[in-house]
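A.B. asks: Structure, please.
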Amino acid sequence: MIKRLAHICIHTNDLAETQRFFCDSLGLEKGFEFEKDGDLFGFYIKLGGKTFIEVFKGEPAEVGNIDHIAIETDDIDQVISELRANGYEATEKKLGGDYTWQSWTRDPNGVRIEFHQYTEDSLQFKGGVCQVDW
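C.D. replies: Numbering: from 1, shown residues only. Below is the predicted model:
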């Protein structure tokens, strides 16, 4: 019945900077645009397969905001390098308690982004218990 995450919606005050972060820095592709009264109002960003980030111009709600989105990568070192080369901060990669490499940043709207690079030991595929200390 349930197949996969379809999309996550975020709001922005700066559509161009949000597009620069996701498309220019991370190499993602814009899927399509939304127009309202003849002006650009938002767009879809392709994450792979049938998963997207939906971006709309406007203020985010104070209640119910998402905590973060996690994006899978096959080269976390390259993601960190590209972000930093484009003027964005990215944490050093860390092997999480789930045995998956991770690095964190924020998009121009303050949304926390976690990049995941799975390993052959990642609990997402092997199962088990992830011991956390946070």
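A.B. asks: Now do the strands in this structure.
C.D. replies: Remark: strands assigned in the chain by DSSP state E are 7-12, 29-36, 39-48, 51-57, 68-72, 94-95, 101-106, 112-117.
A.B. asks: Of all those strands, which one is nearest residue 86?
C.D. replies: The minimum distance between residue 86 and the strands of the chain falls on strand 101-106, with 10.7 Å, by CB to CB. The C-beta positions use only the backbone N, C-alpha and C, and glycine is treated the same way.
A.B. asks: so what secondary structure elements neighbour the closest one?
C.D. replies: helix 76-85, strand 94-95, strand 112-117 (3 or more CB pairs under 8 Å, 6 or more residues apart in numbering; DSSP states H and E).
A.B. asks: how does it look with 10 Å?
C.D. replies: Here strand 101-106 touches strand 68-72, helix 76-85, strand 94-95, strand 112-117, going by 3 or more CB pairs under 10 Å, 6 or more residues apart in numbering; DSSP states H and E.
A.B. asks: Any chance of a markdown table for these, columns mean pLDDT, distance to residue 106 and mean neighbour count?
C.D. replies: Shown next, in a markdown table, are the helices and strands packed on strand 101-106 (pLDDT from 0 to 100; distance: least, CB to CB, whole Å; neighbours: other CB atoms under 10 Å):
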| stretch | mean pLDDT | distance to residue 106 | mean neighbour count |
| --- | --- | --- | --- |
| strand 68-72 | 89 | 9 | 15 |
| helix 76-85 | 96 | 10 | 16 |
| strand 94-95 | 95 | 17 | 12 |
| strand 112-117 | 91 | 6 | 18 |
